[in-house]
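# can you look at this prediction? I've put the sequence above it.
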Amino acid sequence: MAKRKKRLVLADITVVAMFIALGTALSFFVVQIPIGGVLIKQFSVWLITLYAVTLLYGAPVGMAAGFLCDLLSTVFNPSGGAYNPAFAAAHIIAPIIIWLISGVLLKKTRGFIKYPVTVLVTQAFVYLPINTLLIWFFFSTKGFFELLVTRSISLIVEIPVFSLLLIAIMPILQKLKNKLHS
């Protein structure tokens, strides 16, 4: 029994490590969203790996994965400059919100409702305000609320993309995890 449990733990660690590697690789592919000639947001689908890890393994694992993806993506692709750990704050807070909404409040609901609500709340009330505050504090010459309004337009892209990806991949990932544990 103890040997089987060790194998499961090792398998779960391997799966999470693969998600961290995938998230780090996906962070290099960025779509820039300009409006009126002004860059309002850089959009990357790497956050889908953070959502998936958190939904599969819980908030503490998601927090670690979010921090490591952020750190590794900066180490391997330092185009934005030196690493600033303050920007990892959203990746550490978001898994708590993802778990609270998806794993507690909407535990019994289907993915067609659960995932879009989870993404909406997480993107609108964690990533948007925290990252906007940090960008405003460290880099921007605009006012905070002006920056917040312009960056909020990106939610039009983020919420449907992340929601549809989660609706598509989470049933498959959950089946794979269940098969791993059976």
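That came through fine. In this text, all values refer to a predicted model and were calculated from it rather than measured experimentally.
# L173 contacts L56, correct?
Yes. Here L173 reaches L56: they are 6.0 Å apart, a contact under CB atoms under 8 Å. All C-beta atoms are positioned from the backbone trio N, CA, C, and that covers glycine.
# shared neighbours of those two, anything?
Taking CB atoms under 8 Å, 6 or more residues apart in numbering as the contact rule, L173 and L56 have no neighbour in common.
# tell me the contacts of A86?
Neighbouring residues of A86 by CB under 8 Å, 6+ apart: 134, 138.
# roughly how far does it sit from R110?
Going from A86 to R110 by CB to CB, to the nearest Å gives 37 Å.
# over to K5?
31 Å.
# spatially central residue in this structure, please.
L47 (3.1 Å; CA atoms, centre = their mean).
# hey, where'd the strands end up in this protein?
Counting by DSSP state E, residue ranges of the strands within the chain are 31-35, 38-43.
# read off the pLDDT value for S154.
pLDDT recorded at S154 is 80.
# near F76, how many other residues are there?
Number of residues near F76 (other CB atoms under 10 Å) recorded here: 11.
# again but with V15, I slipped
18.
# any figure for the gap between I92 and C69?
Counting by CB to CB - I92 and C69 are separated by 11 Å.
# nice, that's everything, thank you.
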